[in-house]
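Q: My questions are about this predicted structure, shown below with the sequence.
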Amino acid sequence: MIILDFDGTIVPSSKREMICRHFLKKIGFSRPPRAFLAMGEIFDFFRLLFSRKTKKGLNNLVEIIQTKKFSIGILTDRSAFSLFLYLKHLGIEKESLVFIQTRKSLFDFFLFEKGFFVSKETKPSKMVFEENLIPFLDSLCLEREKTLIVDDLLSVREVAKNLGFQTKDPADLP
């Protein structure tokens, strides 16, 4: 099984997001505050509404998901509302994913879909993995050692590796 991050893995992170994350880290935040994440999603929502750009994924991951050659899941700090908008824009059916975990958000009020997990924490907290992903894998008798976590953030990969997962930076994928 492959568990993918969304921003910076399936879709490129925006320059705005990378600059803000760098700034927040410089002033002492280990991870972005929820207000920052929500504001970013509002900007993304309007960018998607008015976007004329072609659907673009990173490292052909969109094609891999669509061909269903692997069991694929997504573990992201995006809200489900924002994630499902993006998946629709990319032409990825959420039903093609075996696992989806998003973060808790006020935007979820606008969502009436089921079949995904919500995390109270954001990455790189180890609780992000422990509250839903690990029990999900255990319920299917899947081993962590045979599950690959792909995330662009080193801090997330380190936490995943310490919990027994294989990890990769999306830049290292073929």
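A: Looks like it came in fine.
Q: all strands of this structure, in order?
A: Shown for the chain, the strands assigned by DSSP state E span residues 2-4, 72-75, 99-103, 117-119, 148-150, 166-168.
Q: Could you work out which of those reaches nearest to H89?
A: strand 72-75 (14.4 Å; CB to CB). All C-beta atoms are positioned from the backbone trio N, CA, C, and that covers glycine.
Q: Which strands or helices does the closest one pack on?
A: strand 2-4, strand 99-103 (3 or more CB pairs under 8 Å, 6 or more residues apart in numbering; DSSP states H and E).
Q: Where among the strands of the chain is average confidence lowest?
A: Lowest mean pLDDT of the strands of the chain: strand 117-119, a mean of 86.
Q: Okay, now the sheet partners of that strand, with direction.
A: When sheet partners are counted by DSSP bridges, strand 117-119 sits next to strand 99-103 (parallel).
Q: on that earlier part again, now mean neighbour count too, for the helices and strands packed on strand 72-75, in TSV please.
A: Rendered in TSV, the data for the helices and strands packed on strand 72-75 read as follows (neighbours: other CB atoms under 10 Å):
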stretch	mean neighbour count
strand 2-4	24
strand 99-103	23
